[in-house]
Each structure stands twice: as C-alpha cells, then as structure tokens.
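Student: This is the structure alone, sequence omitted:
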Ligand SMILES: Nc1nc2c(ncn2[C@@H]2O[C@H](COP(=O)(O)OP(=O)(O)OP(=O)(O)O)[C@@H](O)[C@H]2O)c(=O)[nH]1
Ligand SMILES: [Mg+2]
C-alpha cells in the first residue's frame, strides 16, 4: 500500500505537465477554457446548449465532451452550433490532460474564443486531474440533494464558479438552499454562484454575463 503513493504522485505530476502545455496552447490562441464538472445528469450538456445558442453570435465556441461511451453529448453541442469533439474514456471516470491534448489537436484553436470541456459525470475523480483549462465550473442540481457540498468537499473546494441548476424543481423536491449554501461557504468562501434553470431559463442571464466577463478578462491577460 505504501508504494502506491509515489506512483499516484508521479501520475498526477505527469498530468500537470501536460495540463500546463494545454493551457499554453489555449493562451497562445487566445482561447478561454472552462471545465464543466458535475454528477451524471446535473445538466452540463443542457447548460452548454444554452451557452452556445445565446453566445454563438458574439463568440466562437467549441466543446470537448467526455463520456465513458457514445457521442450523444458532442452531437448535441454540434446541433446547437459549436465545433465539438467527443472523447470516450472507455471506463475512466474523468478526463485527463492527455485526453484533452488529443482533442485539442482536432480543433482549430485559432478560430475559437471559448472552449467548454464537459467532464465525465462524477463528483470525485475529475477534481484530481488538471486539464489546463482556466476556470472550473461545478454544476450542482436541486434533485441531487442539499448535502452534496458536505459529502464531496474536494469538488466544491476546487472550483471557481458554481451553478445550481434545476431550480424549477425547488417546489417539488426537498432542498434546503440555506443548508446547501452554508456547506459551500465553509469549503469555498465567496464562491460565485448562479442558481438557474435550463428548463425555464430563469437565472441564465447572470451566468451568461459571467462567461462574457471572464472572456473579456482573459483577452486582456493574453493579448
Ligand atoms: N427540470 C429540469 N430538468 C433539467 C434541467 N436541466 C436539465 N434537465 C434535464 O436533466 C436531464 C439531464 O440533462 P443533461 O444536460 O443531459 O445532463 P448532463 O449533466 O449533461 O448528463 P451526463 O452528461 O449524462 O452526465 C435531461 O433530461 C434534461 O432535460 C432543468 O433546469 N430543470
Ligand atoms: Mg452531458
């Protein structure tokens, strides 16, 4: 058991090295990279579809989708109007930097402003593997329950923005928003948070404004 720790550290450090290369490729092309993480079914692809439809007149978008199997999500992103690449992990519960590097080689980065990576639906493994994206966004959703920050602290600690999706279901599901937000505040004080619904569009504008502000800030840094 003792020998596993250095091996895990080596894997993560090799991953960090490739992640740094990915970030540098994105920066050279002026692309802002967002890493969307969530439980299965929280609404990652739904939010990506909204993001594409609302911003595609102003920004050139690409999506890299990570799933164990199928190209369902990449097809949805393409149908919404973005370049898209599907990664099938074949069983791995997260994307890693090498997988993203392969996907980036299939995209014309010079023609992209915003890259959204949809990680594999999982609240544990994706938190440990840097990809080289600039910001991580966690999409929580009301039906998952209000205890998730307490049970998956690593994920909640490591993100720069939080979406609380499916607020249209608040009248039907037991979800104590105050308890949920207290858990988040302990782990990630002041975390920028967007309660919204991909079903009714409520709250979407604040999230979209954040994406555009991040895009502007990134342009100023890399120019
Ligand atoms: N009621 C409600 N349903 C939603 C909302 N957003 C997404 N859904 C539904 O939730 C289900 C899962 O949505 P997806 O966008 O595919 O979720 P995902 O996180 O991409 O799922 P995986 O990629 O399989 O992990 C679909 O049936 C959506 O229609 C919402 O705001 N409200
Ligand atoms: Mg999806």
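Tutor: Arrived safely. Model, not experiment: these values are computed from the prediction. Numbering: from 1, shown residues only. Ligands and ions are numbered 1, 2, ... in the order given.
Student: remind me, longest helix of the protein?
Tutor: Longest helix in the chain, counting residues (DSSP state H): helix 4-28.
Student: strand partners of the helix or strand just after it, parallel vs antiparallel please.
Tutor: Proceeding N to C from helix 4-28, the next assigned helix or strand is strand 32-38, under DSSP states H and E. Partners of strand 32-38 in the sheet, by DSSP bridges, are strand 114-118 (parallel), strand 135-141 (parallel).
Student: low-confidence ranges in the chain?
Tutor: 1-4 (pLDDT under 70).
Student: Just want the residue of it that's nearest ligand 2.
Tutor: Closest residue of the chain to ligand 2, CB to the ion: residue 45 (3.3 Å). Just so you know, the C-beta spots here come from the backbone N, C-alpha and C atoms, and that holds for glycine as well.
Student: Please report phi then psi for that residue.
Tutor: phi -70, psi -40 (degrees, to the nearest 10).
Student: residues in this structure within reach of ligand 1, list them.
Tutor: Proximity of the chain to ligand 1, by CB under 6 Å from any ligand atom, involves residues 38, 40-46, 73, 121, 165-166, 168-169, 197-199.
Student: Return the set of buried residues in stretch 104-119.
Tutor: By 16 or more other CB atoms under 10 Å, the buried positions in stretch 104-119 come out as 104, 107, 109, 112, 113, 114, 115, 116, 117, 118, 119.
Student: what's the closest of these to ligand 1?
Tutor: Nearest to ligand 1 among these is residue 118, at 6.5 Å by CB to the nearest ligand atom.
Student: didn't the closest one look like it was pressed against residue 42?
Tutor: No - with contact defined as CB atoms under 8 Å, residue 118 does not count as touching residue 42 (10.8 Å).
Student: ok, back up a step: now the residue of the chain closest to ligand 2. Nearest residue, chain neighbours left out?
Tutor: Counting by CB to CB, 6 or more residues apart in numbering, residue 45 lies nearest to residue 73, which is 4.7 Å off, once chain neighbours are set aside.
Student: Touching the host helix or strand of the one you found from outside, list them.
Tutor: For residue 73, the element it lies in under DSSP H and E is helix 72-80. Residues outside helix 72-80 that contact it (CB atoms under 8 Å, 6 or more residues apart in numbering) are 44-45, 48-49, 52-53, 56, 63, 65, 67, 84-86, 118.
Student: Which two among these are spaced furthest apart?
Tutor: 56 and 67 (22.7 Å; CB to CB).
Student: out of these two, which sits in the more crowded spot?
Tutor: Of the pair residue 56 and residue 67, residue 67 is the one with more neighbours under other CB atoms under 10 Å, namely 21 against 14.
Student: Surely that one is in contact with residue 89?
Tutor: Yes - with contact defined as CB under 8 Å, residue 67 reaches residue 89; the gap is 7.1 Å.
Student: quick revisit: make a PyMOL selection of whichever of the residues of the chain next to ligand 1 turn out to be buried.
Tutor: A single PyMOL command selects the buried members of the residues of the chain next to ligand 1 (16+ other CB under 10 Å):
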select buried, resi 38+42+43+44+45+46+73+121+165+166+168+197+198
